[in-house]
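Asks: Give me a 3D structure for the following:
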Amino acid sequence: MRICVYCASSNKADPRFRAAAFHLGELLAENGHSIVYGGGLAGSMGALADGALSKGGEVVGVIPRFMADLEWQHPGIGDMQVVEDMRERKHRLLTGSDAVVALPGGCGTLEELFEAITLKRLGLYFNPIVLLDTLDYWQPLDKFLHQVIEQRFMNPEHAKMWSLAAAPEDVLPAIENAPKWDEHARDRAVVR
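Replies: Have a look, this model is predicted:
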């Protein structure tokens, strides 16, 4: 599988986030899956890539030109794709991926995650979306999204668009056990 991983570039966050990212990179590589991610060197981004590379994994980085100009890219990534802007980066990350995994992160990670969820709701992306819930990071968001459903801004079946994985070891099983999202997604997109 080609797995798109959204993750943060902060080195200031709790080091356990970076440790989980590194371990996820190891696990994905050991299981023969390629990773496509934002191309960065710092924070969970760099840790994810380092973990995968330490096990001989295939890692593709996608980085906007302005970030490359600032030398934010991971120097160990052989396939570093430089794109014009953040929009093209998001499109390139998601296109051709067999699953999305969101690690804890800030506004960039949230934007990427919400775009993936939105595209899945609209029947434009059909693959699993898994949130790695390190230190219960995603619990408030999961609760909020269920509130969105309770308030009838989304349908109850939309809660099946994502799942939480408590630890890196739970990510691949979560991907494998994700409910099928099919061509009828557009019929479910409208709140009924």
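Asks: Counting neighbours, which bits of stretch 47-63 end up buried?
Replies: For stretch 47-63, burial by neighbour count (16 or more other C-beta atoms under 10 Å) applies to 47-53, 57-63. All C-beta spots, glycine's among them, are computed from the backbone N, C-alpha and C.
Asks: gap between S10 and S54?
Replies: Between S10 and S54 the computed distance is 21 Å (C-beta to C-beta, to the nearest Å).
Asks: Next: A21.
Replies: 12 Å.
Asks: elements contacting the helix or strand bottoming out on mean pLDDT in the chain?
Replies: In the chain, no helix or strand scores lower on mean pLDDT, DSSP states H and E than helix 185-189, which sits at a mean of 77. Taking 3 or more C-beta pairs under 8 Å, 6 or more residues apart in numbering; DSSP states H and E as contact, the helices and strands that helix 185-189 lies on are helix 107-121.
Asks: hang on, the earlier thing: restrict the least confident helix or strand of the chain to CA atoms and write it as CSV.
Replies: Extracted C-alpha coordinates of helix 185-189, given in CSV (Å, rounded to 0.1, in the frame of the first residue of the first chain):
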residue,chain,number,x,y,z
ALA,A,185,-21.1,8.0,-0.6
ARG,A,186,-22.5,10.9,-2.7
ASP,A,187,-26.0,9.7,-1.8
ARG,A,188,-25.1,9.9,1.9
ALA,A,189,-23.3,13.2,1.6
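Asks: In a markdown table: the buried residues of stretch 47-63, plus distance to R2, pLDDT and secondary structure.
Replies: Below are these laid out as a markdown table (distance: C-beta to C-beta, whole Å; pLDDT from 0 to 100; DSSP: H, G, I helix; E, B strand; the rest coil):
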| residue | distance to R2 | pLDDT | secondary structure |
| --- | --- | --- | --- |
| A47 | 20 | 98 | helix |
| L48 | 14 | 98 | helix |
| A49 | 15 | 98 | helix |
| D50 | 19 | 98 | helix |
| G51 | 17 | 98 | helix |
| A52 | 12 | 98 | helix |
| L53 | 16 | 98 | helix |
| G57 | 12 | 98 | coil |
| E58 | 9 | 98 | coil |
| V59 | 11 | 98 | strand |
| V60 | 8 | 98 | strand |
| G61 | 13 | 98 | strand |
| V62 | 12 | 98 | strand |
| I63 | 17 | 97 | strand |
